[in-house]
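Student: Provided below are the primary sequence and the corresponding predicted coordinates.
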Amino acid sequence: MSARAKYFQLNRAAIDALSAVNPHVTSIDPKLRALIELRVSQINGCVYCIDLHTQQARSHGETQQRLDCLCVWQESPFFESAERAALAWAESLTAVARTHAPDEVYDALGPHFTPQQIVDLTLTIATMNAWNRIAIGHRTMPPKR
């Protein structure tokens, strides 16, 4: 495997700017946010981010059973309707080239989230996709625990 550029060192200002989005996305419950970030990372296959967001979800009280079943949330009885709407939105935006963010997926958010929360969900999903692409592209790996 070839060595990849050290993005944190080579363009710290840009990495810091991307990190600066997080403090402005405050309307989403941290437990839900960790689930969304984890699901996006699962779809994209980001080892580093899956490790990170699994730990974050647990720190916010997420159960191991729900984490185990997140990749099959559509078939699982463990997720509430608001979480299902957010997860569907996350999957739709992560695969936007294929899905084109359909109206029915967006409209399903309305009964559960305010317009501010929908924007914050969208920012969370978009930012997570960016982080996944950076981490995957540069082969960022979590430390072994």
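Tutor: That came through, no problem. Numbers count the residues shown, from 1 in each chain.

Student: please identify the helix or strand for the residue nearest the centre of the chain.
Tutor: The C-alpha lying nearest the average C-alpha coordinate of the chain belongs to residue 37 (Cα atoms, centre = their mean; 1.8 Å). Using DSSP states H and E, residue 37 sits in helix 30-44.

Student: what's the angle between the helix or strand just after that helix and helix 30-44?
Tutor: Per DSSP H and E, helix 30-44 leads on to helix 47-59 as the next helix or strand towards the C-terminus. Inter-element angle recorded for helix 47-59 and helix 30-44: 160 degrees (by axes from the mean of the first three to the mean of the last three Cα atoms, to 10 degrees).

Student: give the buried residues for helix 47-59.
Tutor: For helix 47-59, burial by neighbour count (16 or more other Cβ atoms under 10 Å) applies to 48-54, 56-57. Glycine gets a C-beta too; all of them are placed from N, C-alpha and C.

Student: before we move on, what about stretch 11-22?
Tutor: Going by 16+ other Cβ under 10 Å, stretch 11-22 has no buried residues at all.

Student: for this protein, longest helix please?
Tutor: Secondary structure assigned by DSSP state H gives helix 115-137 as the longest helix of the chain.

Student: which residues sit against it?
Tutor: With Cβ atoms under 8 Å, 6 or more residues apart in numbering as the test, helix 115-137 has contacts from 4, 7, 15, 18, 21-22, 24-28, 33, 36-37, 40-41, 44-49, 86, 89-90, 93-94, 106, 109-110, 113, 140.

Student: could you flag which of those residues are buried?
Tutor: Going by neighbour count (16+ other Cβ under 10 Å), those have 25, 28, 33, 36-37, 40-41, 44, 46, 48-49, 86, 89-90, 93-94, 106, 109, 113, 140 buried.

Student: and the worst-scoring helix or strand of the chain on mean pLDDT, how far out from the chain middle?
Tutor: When the helices and strands of the chain are scored by mean pLDDT, DSSP states H and E, helix 7-10 comes last with a mean of 90. In this view, helix 7-10 has its centroid 22 Å away from the chain centroid, taken as Cα atoms, centre = their mean, to the nearest Å.
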